[in-house]
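Asker: Fold the following for me, if possible:
(one chain, ligands or ions: 2)
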Amino acid sequence: MKKPVRVAVTGAAGQIGYALLFRIASGEMLGKDQPVILQMLELPLDKAQAALKGVMMELEDCAFPLLAGMVGTDDPRVAFKDADVALLVGARPRGPGMERKDLLLENAKIFTEQGKALNDVASRNVKVLVVGNPANTNAYIAMKSAPDLPAKNFTAMLRLDHNRALSQLAIKAGVQVADIDRLIVWGNHSPTMYPDYRFATVANASLKDKINDADWNANDFIPKVGKRGAAIIEARGLSSAASAANAAIDHVRDWLLGSNGKWVTMGIPSDGSYGIPKDVLYGFPVTTQGGEYTMIRDLPIDDFSRERMDKTLAELEEERAGVAHLL
Ligand SMILES: NC(=O)C1=CN([C@@H]2O[C@H](COP(=O)(O)OP(=O)(O)OC[C@H]3O[C@@H](n4cnc5c(N)ncnc54)[C@H](O)[C@@H]3O)[C@@H](O)[C@H]2O)C=CC1
Ligand SMILES: O=C([O-])CC(=O)C(=O)O
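Answerer: Ligands and ions are numbered 1, 2, ... in the order given. Have a look, this model is predicted:
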């Protein structure tokens with residue numbers, strides 16, 4: 001029997017938590033032979049803690065053979081103690097009359113505190129995925145608040161955008177999702193993101209040549225992927241949850257177990273590549289192996305792409321400036 005992996009999940013009683021925890025406990029994230037200990041954080045409010053208790057009762061009722069232990073808490077230092085993986089899902093949602101700036105500042109407080117707690121008590125090689133919005137900037141704040149941990153271990157979730165783009169491309173080209181490789185989503189997890197299939201292949205042929213529709217790319221595909229989150233809210237009255245949990249599982253599974261040469265998108269701190277300033281948490285194409293990711297470098301960037309990559313960068317720089325005084 002392998003040694004259990006400690007997985008911390010914040011916002012554990014929320015929508016995404018409910019779609020995520022059961023799949024982690026069943027082995028879909030770390031493998032069907034890998035025991036896990038779930039360390040779940042919720043707000044110190046009676047309602048949130050009661051809901052968390054209910055989720056833990058249901059986890060118990062599943063009798064998952066791989067679930068080696070559970071902790072439910074309102075204290076980040078308990079939730080992150082010795083954590084090998086931390087999924088930071090809980091965040092402050094936008095309230096009535098709240099400006100984007102207020103939302104940033106409220107979340108900055110949460111992610112400063114959680115970054116510090118990770119710095120103090122998590123495994124020295126903890127792999128962090130930030131899902132809670134604004135995900136890139138929250139990940140940046142947590143990274144800056146954890147100076148003793150490797151900066152490269154702080155990532156933001158662009159995988160839902162990547163998966164959304166994959167499905168739209170497969171529908172348009174009449175091909176299977178599984179046959180598409182080399183897709184990228186550059187930038188921020190926001191409508192400014194740039195899904196880019198210039199290098200994408202399907203069965204080793206160019207997907208762009210197969211689609212051959214620049215107007216669809218600019219006026220249909222890019223805005224549709226960018227605004228998909230809003231379209232789900234409009235349709236469901238609630239934001240994406242099962243698909244977000246699924247993307248979180250894909251992100252961590254590929255990071256830890258490898259992408260087998262496939263390109264995947266991760267929000268990672270820039271090393272200065274592609275003119276993205278160092279440390280900006282930006283969606284980049286990577287391959288993964290043995291718990292490490294490697295950025296795909298030196299891809300040619302045309303004018304159309306440069307303009308979009310700079311626009312999403314400008315938004316991230318603005319978010320970063322808005323919280324700079326707290327870091
Ligand atoms: N990066 C991405 O692709 C996506 C990100 N999201 C974001 O994920 C976040 C969670 O979404 P849902 O689960 O639908 O929201 P939700 O509101 O259903 O659940 C969030 C949970 O987090 C808890 N929480 C809030 N602050 C916390 C804190 N400081 N510590 C611990 N727990 C805390 C709340 O009590 C709540 O139970 C939101 O910020 C949402 O915008 C959602 C979909 C996709
Ligand atoms: O827009 C939201 O609140 C949820 C989200 O990030 C998405 O679905 O991409």
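
Asker: where exactly do the strands run in this protein?
Answerer: Along the chain, the segments classed as strands by DSSP state E run 5-10, 36-41, 67-73, 85-88, 127-130, 154-156, 180-181, 184-186, 194-196, 201-202, 205-206, 264-269, 281-289, 292-295.

Asker: nearest to residue 225, of these?
Answerer: Set against residue 225 and scored by CB to CB, those come closest in strand 194-196, at 4.6 Å. In this view, the C-beta of every residue, glycine as well, is placed from N, C-alpha and C.

Asker: Tell me the neighbouring strands of the closest one, and mark each as parallel or antiparallel.
Answerer: strand 184-186 (antiparallel) (DSSP bridges).

Asker: Quick check: closest non-adjacent residue to residue 114.
Answerer: Spatial nearest neighbour of residue 114, excluding adjacent residues (CB to CB, 6 or more residues apart in numbering): residue 76 at 5.3 Å.

Asker: Look up how far ligand 1 lies from the one you found.
Answerer: Note on residue 76: its distance to ligand 1, by CB to the nearest ligand atom, to the nearest Å, is 7 Å.

Asker: Any idea how many residues pack against that residue?
Answerer: 23 (other CB atoms under 10 Å).

Asker: any chance of the strands of the chain in a markdown table, with mean pLDDT and mean neighbour count too?
Answerer: Below are the strands of the chain laid out as a markdown table (pLDDT from 0 to 100; neighbours: other CB atoms under 10 Å):
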| stretch | mean pLDDT | mean neighbour count |
| --- | --- | --- |
| strand 5-10 | 98 | 25 |
| strand 36-41 | 98 | 24 |
| strand 67-73 | 98 | 17 |
| strand 85-88 | 98 | 28 |
| strand 127-130 | 98 | 27 |
| strand 154-156 | 98 | 28 |
| strand 180-181 | 98 | 20 |
| strand 184-186 | 98 | 26 |
| strand 194-196 | 98 | 26 |
| strand 201-202 | 98 | 21 |
| strand 205-206 | 98 | 12 |
| strand 264-269 | 98 | 25 |
| strand 281-289 | 98 | 24 |
| strand 292-295 | 98 | 14 |
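
Asker: could the ones you listed go into a markdown table alongside distance to residue 173?
Answerer: Shown next, in a markdown table, are those (distance: least, CB to CB, whole Å):
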| stretch | distance to residue 173 |
| --- | --- |
| strand 5-10 | 36 |
| strand 36-41 | 37 |
| strand 67-73 | 40 |
| strand 85-88 | 33 |
| strand 127-130 | 30 |
| strand 154-156 | 28 |
| strand 180-181 | 8 |
| strand 184-186 | 17 |
| strand 194-196 | 14 |
| strand 201-202 | 7 |
| strand 205-206 | 10 |
| strand 264-269 | 19 |
| strand 281-289 | 19 |
| strand 292-295 | 26 |
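
Asker: Output those strands as CSV; include the columns distance to ligand 2.
Answerer: Shown next, in CSV, are the strands of the chain (distance: least, CB to the nearest ligand atom, whole Å):
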stretch, distance to ligand 2
strand 5-10, 16
strand 36-41, 20
strand 67-73, 25
strand 85-88, 14
strand 127-130, 12
strand 154-156, 11
strand 180-181, 20
strand 184-186, 11
strand 194-196, 13
strand 201-202, 25
strand 205-206, 28
strand 264-269, 12
strand 281-289, 13
strand 292-295, 21
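
Asker: How about the residue in the chain that ligand 2 sits nearest to, nearest residue that isn't a chain neighbour?
Answerer: Proximity of the chain to ligand 2 (CB to the nearest ligand atom) peaks at residue 229, 2.7 Å away. Spatially, and ignoring its direct neighbours in sequence, residue 229 is nearest to residue 240 (6.1 Å; CB to CB, 6+ apart).

Asker: Isn't the one you found up against residue 231?
Answerer: No - if you go by CB atoms under 8 Å, residue 240 and residue 231 don't touch, sitting 9.5 Å apart.

Asker: mind listing what the closest residue to residue 193 other than its chain neighbours touches?
Answerer: Once flanking residues are discounted, residue 193 sits nearest to residue 187: 4.9 Å by CB to CB, 6+ apart. The contact partners of residue 187, by CB atoms under 8 Å, 6 or more residues apart in numbering, come to 193-194, 282-283, 308-309, 312-313, 315-316.
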